[in-house]
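K.L.:
Everything below, folded, please.
(2 chains)
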Amino acid sequence: MRGSLAAIGYGLAAIGPGIGVGLVFAAYIQATARQPETAGLNRPNLFLGLAVIEALALFGIAFGFLWQD
Amino acid sequence: MSKVASVLSLEDPPWPPSVDEFFPPGLFGIDWLTKFMLMVWLAIAVIIVFFLVAYRNPKVVPGRTQWLAESIYGFTRDGIAKEVIGHEGVRFAPYLTTLLVFIAVTNLFAIIPLLQISPNSHIAFPAMLTLVTFVLYIYWGVKTHGAGGYLKKSLFPPDVPLPLYLLLTPIEFFMVFIIRPFTLALRLFANMFAGHMMLLVFTIGGFVLLNAGVLFAPISLLSWALTVVLTIFETLVALLQAYVFVLLTGSYLQASLTAEH
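P.N.:
A predicted model of the protein is given here:
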């Protein structure tokens, strides 16, 4: 078999942020379903949360290339 | 030269795609004249011409171009500057709009045929944009609170038991001066980098499958269909990342500007 173990590592690294992004959007959908008028109010917060969580998965991509031999 | 065109002419496409794909040779034999440089010039030219044309002859009832320009500015001013920074955020609206439009246009190059790569997939461009934002929010923090006041405000959150500062202050320092600028640049870079890589994998992968024999050849159609889907996804990501970059800039500015509680 050929390939890079980093691919598996990145797959594992993406689990956490994947769950995190799911939670953020679930919370946003639930909040707007209960209180539709807060949709606009919460949108910046949604993307702030998304951006912070997403950064973790993106570290995985960047460092995978950074630390390759 | 587009990726697809150069691949089409090859019998054996380069597989797997590597980081080398992001370093095309200089154009016309000049090392520093790269595709990325031309794309940045093009982006600047497009933006300047668009806004000059839109505001050449402003009317009370706007035409189509003016309406578009005003919507973009209005979106940034009301949706980001006023919403995130607060009422005094209006003075940052020009900077935020410039940032949003520049990042959006350079990101969208990733899906425009013949260009097909975003300058932001090189860390240098996001890093430079981040440096401007970083200097800006520190400058406004120091200007509003004084150098000591700004450090105290950002490093010593109020209403915390005294011993906890041993733990909190290094974390806050790390957060404000290292993590924030670092993630801001890396987020934009990694999104565009990974997006381009993904498109390469499915485009070139299609050709690899096509050459791999009768059994695998039909799967190349699936691979190219995924390329189309991912291109649409890339458009979304390009615009979303421009929005997120500007939103975070606004949020950092807001953190620098607010008074202590």
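
K.L.:
in chain A, what residue is nearest chain B?
P.N.:
Proximity of chain A to chain B (C-beta to the nearest C-beta) peaks at A:Leu58, 3.7 Å away. All C-beta spots, glycine's among them, are computed from the backbone N, C-alpha and C.

K.L.:
Any buried residues in the longest helix along chain A, and which?
P.N.:
Longest helix in chain A, counting residues (DSSP state H): helix A:39-66. Residues of helix A:39-66 classed as buried by neighbour count (16 or more other C-beta atoms under 10 Å in any protein chain shown): A:43-63.

K.L.:
How about stretch B:114-134?
P.N.:
Neighbour counts over stretch B:114-134 (16+ other C-beta under 10 Å) mark B:115-123, B:125-127, B:129-130, B:133-134 as buried.

K.L.:
per-residue confidence averaged over it?
P.N.:
The average pLDDT for stretch B:114-134 rounds to 92.

K.L.:
Distance from it to the middle of the chain?
P.N.:
Its chain's C-alpha centre and that of stretch B:114-134 lie 6 Å apart, by C-alpha atoms, centre = their mean, to the nearest Å.

K.L.:
In stretch B:208-215, which residues are buried?
P.N.:
For stretch B:208-215, burial by neighbour count (16+ other C-beta under 10 Å) applies to B:Val208, B:Leu209, B:Leu210.

K.L.:
ok, the second one touching B:Ser220?
P.N.:
Yes: taking contact to mean C-beta atoms under 8 Å, the distance of 4.0 Å between B:Leu209 and B:Ser220 places them in contact.

K.L.:
tell me the angle the longest helix along chain B makes with helix A:39-66.
P.N.:
The single longest helix within chain B, with elements called by DSSP H, is helix B:219-257. Interaxial angle, helix B:219-257 versus helix A:39-66 (axes from the mean of the first three to the mean of the last three C-alpha atoms, to 10 degrees): 110 degrees.

K.L.:
Near chain A, which residues of the stretch 1-150 of chain B? Just list them.
P.N.:
B:Val19, B:Gly79, B:Ile80, B:Glu83, B:Val84 (C-beta under 8 Å from any C-beta of the partner chain).

K.L.:
Between all of these, which two are at the greatest distance?
P.N.:
B:Val19 and B:Glu83 (38.4 Å; C-beta to C-beta).

K.L.:
Between those two, point out the one with more neighbours.
P.N.:
Using other C-beta atoms under 10 Å in any protein chain shown, the more surrounded residue of B:Val19 and B:Glu83 is B:Glu83, with 17 against 10.

K.L.:
Quick check: phi and psi on the more buried one?
P.N.:
For B:Glu83, the backbone dihedrals are phi -70, psi -40 (criterion: degrees, to the nearest 10).

K.L.:
Include pLDDT when you put the buried residues of stretch B:208-215 into TSV, please.
P.N.:
Shown next, in TSV, are those (pLDDT from 0 to 100):
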residue	pLDDT
B:Val208	87
B:Leu209	88
B:Leu210	88
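
K.L.:
Now those in JSON lines, please, with extra columns for distance to chain A and secondary structure.
P.N.:
Formatted as JSON lines, the buried residues of stretch B:208-215 follow (distance: C-beta to the nearest C-beta, whole Å; DSSP: H, G, I helix; E, B strand; the rest coil):
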{"residue": "B:Val208", "distance to chain A": "14", "secondary structure": "helix"}
{"residue": "B:Leu209", "distance to chain A": "17", "secondary structure": "helix"}
{"residue": "B:Leu210", "distance to chain A": "21", "secondary structure": "helix"}
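
K.L.:
count of neighbours near the spatially closest residue to the residue of chain A closest to chain B that is not a sequence neighbour?
P.N.:
Spatially, and ignoring its direct neighbours in sequence, A:Leu58 is nearest to B:Ala190 (3.7 Å; C-beta to C-beta, 6 or more residues apart in numbering or on different chains). By other C-beta under 10 Å, 26 other residues sit near B:Ala190.

K.L.:
Same check on B:Ala104?
P.N.:
When neighbours are defined as other C-beta under 10 Å, B:Ala104 has 20 of them.
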